[in-house]
Structures are given as structure tokens and as C-alpha cells.
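Participant: 3D, please:
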Amino acid sequence: MVKCYDITPEFKHYACVVDLLGRVGKLDEAFGFTCRMHDHKNASVWLPLLAACRVHKNVELAEKVVARICEFDSENVAAYVLLSNMYSSVGRYKDAMNTKSMLFKKTNKKEPACSWIRIGNKVHGFVAGEECHPYYNVIINALDLLFGQMKKEEYVADTMVVFLCCFSAT
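Facilitator: Residues are numbered from 1 along each chain as shown. Down below sits the predicted model:
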């Protein structure tokens, strides 16, 4: 990028490389790549690796990644949620519960999910629970059609990572 195109890599470029390495299962290579970055104190580079660890069920590396994230961002909710989901997916429910409990103690508010999509030249942003998008009703109708088709096709969701636990505020 630098030599041929005079483009200085940004975090998003590094995150893409980490994501690609993770998708093909080269988790150790992705970890080493991230550790060798000149400034690796950015969760946006580590979280794709953590997600890949969950997909490939590499709990040991996931714990290392969360430890790295906590060195510079101990309040990162996504890291704890991914780790907890990973523990659940491999049957380590006590660890999942402990992680969720620790997260609950750190913060009792999870940031709402947010997604973006580009259609043509316009970027649309969506935040979970908000109904203020000008095409909200059209989007809901499209989702209803998709869910209907999924039901018709007898789609079954993968719920292996779902772990529900209630915590009291005391």
C-alpha cells in the first residue's frame, strides 16, 4: 500500500487483514500481526480476531485477546460479550456467567447495537430500538417478508452462543 500506492495504512486496513486471517483460521498469524502493529491499542483491530476465535472455538487465544484489549480499554463491553458467548458455545457456562457478572458490575448499561448500510451514494445508520428512520415502516415490512420466507424455508437459528442469565442489582 505504501510503496505502490502511497497510502498509509489505517486501523480499518489492519482490521480487514486480521478479519481475513481469522476467517481462514490463521488465528496465531492474526494475533502476531496485531501485536506487531506500531499502535495496537485499538479495539477495532482486536475485536475481529476475538470474533474469529469464537468461530474457531479457540478459547485460550480469546482470553489472551481480551486481556490485551483490557490493557487499554477495560470498559469494552463487546470484548466481554464475545468472550461470554464463546464460553457458552463451548459449554463453559460458569465462565460465561462469571464474565457476564463481571461485566454487569463494571457497567449496567450496554450500548445499543448500531449498523450502517450504503445504498447508492447515501449511508443509512440504524440504532437498535430506534424508530426514527424515515423508512422505518418500509424496513419493518421488508423484515416481515424475510422472516416469513425464513419460516417457510424452515430456517432454524444457531442458538449455541445464546446464554441467558439474570443478575440482581444487589
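Participant: With adjacent residues omitted, what lies nearest to residue 114?
Facilitator: Distance criterion CB to CB, 6 or more residues apart in numbering; nearest residue to residue 114, sequence neighbours excluded, is residue 127 at 5.0 Å. C-beta here means a position set from N, CA and C on the backbone, and glycine is covered the same way.
Participant: Distance from stretch 64-79 to the middle of the chain?
Facilitator: Computed by CA atoms, centre = their mean, to the nearest Å, the chain-centroid distance of stretch 64-79 equals 13 Å.
Participant: Next: stretch 22-31.
Facilitator: Distance, stretch centre to chain centre, for stretch 22-31: 16 Å (CA atoms, centre = their mean).
Participant: could you dump it to CSV, C-alpha only?
Facilitator: The C-alpha coordinates for stretch 22-31 follow below in CSV (Å, rounded to 0.1, in the frame of the first residue of the first chain):
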residue,chain,number,x,y,z
GLY,A,22,-9.3,-15.0,11.2
ARG,A,23,-11.9,-16.2,8.7
VAL,A,24,-9.5,-18.7,7.2
GLY,A,25,-8.4,-19.9,10.7
LYS,A,26,-5.0,-18.4,10.8
LEU,A,27,-5.6,-17.1,14.3
ASP,A,28,-2.0,-17.2,15.6
GLU,A,29,-0.8,-15.3,12.5
ALA,A,30,-3.6,-12.7,13.0
PHE,A,31,-2.6,-12.4,16.7
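Participant: Let me know the average pLDDT across the lengthiest helix in the chain.
Facilitator: The single longest helix within the chain, with elements called by DSSP state H, is helix 136-152. What helix 136-152 shows for mean pLDDT is 88.
Participant: in this protein, which spans are helices?
Facilitator: With DSSP H as the criterion, the chain has helices at 2-5, 11-23, 27-35, 43-55, 59-72, 77-89, 93-106, 136-152.
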